[in-house]
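**Q** Turn this into a structure:
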Amino acid sequence: MIRTCDAIVLKTTPYAEGGAVVSFLGEHGERLTGVAKGIKKPTAKWVAAFEPLGMVRVAFFGKEQADLKRITRCDLAFSPLTLGHLEASLVMACLADLFDRVAREGIEDERLYRLLSACGRALKAKPDNALGILAYAEHWLLHCLGLLPHPQACGRCGSREAPLVLLSEDHGWCCAACTPVDAAEALPPGTRTFLRRLRTAPAEEAPAPDPADTAQQAVTALLRQRLLRELGGRLRSYEVLWRLV
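**A** Numbers count the residues shown, from 1 in each chain. Below you'll find the predicted structure:
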């Protein structure tokens, strides 16, 4: 059986005889995996097509029930790679790691493909805002996983005006009107505004990191911690990012 589809490259793992196992996010949001033979050879024709977050047209050959099919063709359609931009390259690795963990074989969620492709194009257009695009992706990944309630109204009392002070496991976003929280532990003023920006802006207009914006700093750290905890802990790509940026 031969299957051809549009996909986004996630991770490449060395395999026998100079080959590699490559994972992709398929156009319908499912995780796809295949073996590419001989890509480590000097004459390999596909090396550039297997960079993280590259958008490709890939063909798989193998039996329908096979765990690993053979990649027979992989044509690069778009690459977000910005040569010489370290921060953008590191964020690409983080995004590839995240989506490789979130996507599942045989389970389709087209929102994942739309989100990752939008983030890849945003990184190409605005590599200097790589960290802002990463925070944007983390927010929407939590939403896709069903772990992030809408911040429009308090999950306890329904208030749409009172400042949000807490993200609760049971009630979602909780406001100051119904949730007594020590001022030192409450989310900073402006949390609701920042969340609204994340939900309404396209990836290209993701809020750029602003050290003076305490609400942005607190929400980004909170959502990142929650996402990584859900995915089983720290990712090596994140460790490299914080060590070098």
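**Q** Centre of the chain to the helix or strand hosting Val219, how far?
**A** Assigning secondary structure by DSSP states H and E places Val219 in helix 214-230. Chain-centre distance of helix 214-230: 14 Å, with CA atoms, centre = their mean, to the nearest Å.
**Q** Now do the closest residue to Thr82 other than its chain neighbours against Gly19, distance only.
**A** In space, and not counting its chain neighbours, Thr82 is closest to Pro127: 4.4 Å by CB to CB, 6 or more residues apart in numbering. Where you see a C-beta, it was placed from the backbone N, CA and C, and this is true even at glycine. Distance of Pro127 to Gly19, computed by CB to CB, to the nearest Å: 31 Å.
**Q** for Leu86, same thing?
**A** Relative to Gly19, Leu86 is positioned 29 Å away (CB to CB).
**Q** Quick check: end-to-end length of stretch 174-191?
**A** With CA to CA, to the nearest Å as the measure, the ends of stretch 174-191 fall 11 Å from one another.
**Q** quick one: contacts of that stretch?
**A** Residues from elsewhere that reach stretch 174-191 (CB atoms under 8 Å, 6 or more residues apart in numbering): 151, 154-157, 159, 162-168, 213-216, 218-219, 222.
**Q** repeat that with 6 Å
**A** 154-157, 159, 162-166, 168, 214-215, 218-219 (CB atoms under 6 Å, 6 or more residues apart in numbering).
**Q** Also stretch 149-158?
**A** 160, 171-175, 177-178, 192, 195.
**Q** got the CA positions of the longest strand seen in the chain in PDB?
**A** Secondary structure of the chain per DSSP state E: the longest strand is strand 2-15. Extracted in PDB, the C-alpha atoms of strand 2-15 (Å, rounded to 0.1, in the frame of the first residue of the first chain):
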ATOM      1  CA  ILE A   2       1.200   3.500  -0.800                       C
ATOM      2  CA  ARG A   3       0.000   6.500   1.100                       C
ATOM      3  CA  THR A   4       0.900  10.100   0.100                       C
ATOM      4  CA  CYS A   5       0.000  13.100   2.200                       C
ATOM      5  CA  ASP A   6       1.000  16.600   3.400                       C
ATOM      6  CA  ALA A   7       2.800  16.500   6.700                       C
ATOM      7  CA  ILE A   8       5.100  18.400   9.100                       C
ATOM      8  CA  VAL A   9       8.400  16.900  10.200                       C
ATOM      9  CA  LEU A  10       8.700  16.400  13.900                       C
ATOM     10  CA  LYS A  11      11.700  14.200  14.900                       C
ATOM     11  CA  THR A  12      14.400  12.100  13.300                       C
ATOM     12  CA  THR A  13      16.000   9.200  15.200                       C
ATOM     13  CA  PRO A  14      19.000   7.300  13.800                       C
ATOM     14  CA  TYR A  15      18.200   3.800  12.500                       C
END
